[in-house]
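Visitor: Got a predicted structure here, sequence first:
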Amino acid sequence: MITRSDQPVQQDRLSVFQFEEEPSWQQVLRQAVTCPRELLSLLELPCELAEGARAGARLFPLRVPRPYIARIEKGNRQDPLLLQVLPVQDEQTETPGFVPDPLGEQASNSQRGIVHKYHGRLLLLPGQACAINCRFCFRRHFPYEDNTLDSAQWAAALDYIRQDSSVREVILSGGDPLVQNDRRLAWIVTQLAAIGHVERVRVHSRLPVTVPQRVTPALVSALTDSRLQAVLVVHCNHPRELCQRVCDAMRELVEAGVTVLNQSTLLRGVNDDAAVLVELSEALFRCRILPYYLHLLDRVSGTAHFEVDETRARQLLGTMSSRCSGFLVPRLAREEQGAPCKSVLPPLYPDPD
C-alpha cells in the first residue's frame, strides 16, 4: 500500500538530528546514516530486515541524509521513501537483461570526466559523491575512479568542450554535482561561460530535495551570475519528498531566474499509481517546479524488483493525462544504448466507464 498525503509535508521531523538549530548542508552530509541497523532503529523497523539490508549494502553502500529520514513513516516497511533507500536482498538477484552499464555510458566516456552521447550537449562529471544512494541508481556500477579530475584533467575536459562548437549545453551530473562546494561550482560555471558556444548550464541534482539546506545564497549566485542560462533538474519520485523546506528552497532558485524541472523514475511500490503521480505533479507545481520526464527504469543490475512494465507505464500516463492539465504531465521516456536521444512513449488512455 502506498501512503500519501494531499499536501507536501509541512515540516521535517527534526528529532533525528543531533543539532539544536538547523545544520549546514555540510554537517548534514557528515551526519548521513550509512549503517543499515541504525536506519532500522531510527525508523522503528524490525531487526529481521537487517540481514537483507547488509547484503544489499555490500553491493552498493547505504547512505541516507537525516532530513530525508525525517519524512519516512516510522514502522512502515512499505513506506515509498524507505523503499528508495533501504538495501534489500533482491539486489543480489541476477536478472536477464539487467547489466552493469545499461545505457552504454562507458562507450561514450572517451574523455575523462565527460560522457558525450547526444548532439549539442554533454555530461561533465565534477565528482563521484552523492548525498543519498538511491537503490535504483543507474550509475551504481559506474567507474568513477577512472573519471576523477585533477587540475590537468580539468583543463583537458574544458578543452574538449572548447573544441566542439556543437556543444551548446553542458550538463553537470555525477555523482551529485551539488556535493561540490559553492566556490568550486562558481569556478566551473565561470569556466564554461568563457566558452563562447556554450549557452546553458544544466545541473542534475537530488540534493535540493534530500538536503534543502544545500540551496544557499552562494549557490544561487554561482548559478545566476554568469551569462549562461541556468537550469536545475531535481529528482523527486513521490509527493512526500516535498516538505515545506524543499519548496522554500525551490522558490529561491526560481525567483533568482533558475529554471527548475523535475524528473522522476517510475518505481514499483513507490509511485506506480496514477493518484500518486497526479499528486506529485500538483505538489511539484505548487513548489514552482515543472514536471519534465517520467523515466522507465534503467535496467541496471540489482534493480529488477523496481521495474514497471511499459504497458502499465503508458496506462498510468494516460490516466494522468485525463486528470491533469497538460503542462503537469511529464513525458514518459526510455533511454536506450546507442540511440540519438531518449524515446518518448505515448499514453494509453483508460477505457471510458
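Guide: Happy to help now that I have it.
Visitor: what's the nearest residue to the residue nearest the centre of the chain if we skip its chain neighbours?
Guide: Central residue of the chain (CA atoms, centre = their mean): His235, 3.6 Å from the mean position. Nearest residue to His235, sequence neighbours excluded (CB to CB, 6 or more residues apart in numbering): Arg206, at 4.6 Å. Where you see a C-beta, it was placed from the backbone N, CA and C, and this is true even at glycine.
Visitor: wouldn't that neighbour be in contact with Gly174 here?
Guide: No: the criterion here is CB atoms under 8 Å, and Arg206 misses it with Gly174 at 9.6 Å.
Visitor: what touches both of these two?
Guide: Jointly contacting Arg206 and Gly174 under the rule CB atoms under 8 Å, 6 or more residues apart in numbering are Cys130.
Visitor: Look up which residues are beta-bridged to the residue nearest to the centre of the chain.
Guide: Gln263 (DSSP bridges).
Visitor: I'd like to know how far it sits from His141.
Guide: In this view, His235 and His141 are 19 Å apart by CB to CB, to the nearest Å.
Visitor: what's the answer for Thr93, then?
Guide: From Thr93 to His141 the distance is 15 Å (CB to CB).
Visitor: who has more neighbours, those two?
Guide: Neighbours were counted for Thr93 and for His141 using other CB atoms under 10 Å; His141 has more, 17 against 13.
Visitor: Please name the nearest non-neighbouring residue to the more buried one.
Guide: Using CB to CB, 6+ apart, the closest residue to His141 is Pro100 (3.9 Å).
Visitor: Identify the residues contacting that neighbour.
Guide: Pro100 neighbours (CB under 8 Å, 6+ apart): 141, 300-301.
Visitor: Tell me the one of these nearest Ser321?
Guide: The closest of the contacts of Pro100 to Ser321 turns out to be Val300 (CB to CB; 28.5 Å).
Visitor: neighbours of Gln89, just the number please.
Guide: Counted by other CB under 10 Å, the residues lying close to Gln89 total 14.
Visitor: An error on my part: the question was meant for Ala152.
Guide: 9.
Visitor: State the three-state secondary structure for it.
Guide: Secondary structure for Ala152, judged by DSSP: H, G, I helix; E, B strand; the rest coil, is helix.
Visitor: I'd like the average pLDDT over stretch 191-209.
Guide: Per-residue pLDDT over stretch 191-209 has a mean of 98.
Visitor: now that stretch: how far from the chain's centre is it?
Guide: 16 Å (CA atoms, centre = their mean, to the nearest Å).
Visitor: Dump that stretch to PDB, keeping only the CA atoms.
Guide: What follows is stretch 191-209 as a C-alpha-only set of coordinates in PDB (Å, rounded to 0.1, in the frame of the first residue of the first chain):
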ATOM      1  CA  GLN A 191      35.000  28.400 -17.000                       C
ATOM      2  CA  LEU A 192      32.000  27.200 -19.100                       C
ATOM      3  CA  ALA A 193      30.800  30.800 -19.600                       C
ATOM      4  CA  ALA A 194      34.200  31.700 -21.100                       C
ATOM      5  CA  ILE A 195      33.500  29.200 -23.900                       C
ATOM      6  CA  GLY A 196      31.600  31.200 -26.500                       C
ATOM      7  CA  HIS A 197      29.400  28.500 -28.000                       C
ATOM      8  CA  VAL A 198      28.100  27.200 -24.600                       C
ATOM      9  CA  GLU A 199      24.700  28.800 -23.900                       C
ATOM     10  CA  ARG A 200      23.300  26.800 -21.000                       C
ATOM     11  CA  VAL A 201      24.500  25.000 -17.900                       C
ATOM     12  CA  ARG A 202      22.100  22.300 -16.600                       C
ATOM     13  CA  VAL A 203      22.600  20.800 -13.200                       C
ATOM     14  CA  HIS A 204      21.100  17.400 -12.300                       C
ATOM     15  CA  SER A 205      20.800  17.000  -8.600                       C
ATOM     16  CA  ARG A 206      18.900  15.200  -5.900                       C
ATOM     17  CA  LEU A 207      20.400  17.400  -3.100                       C
ATOM     18  CA  PRO A 208      17.800  20.200  -3.100                       C
ATOM     19  CA  VAL A 209      15.200  17.600  -2.400                       C
END
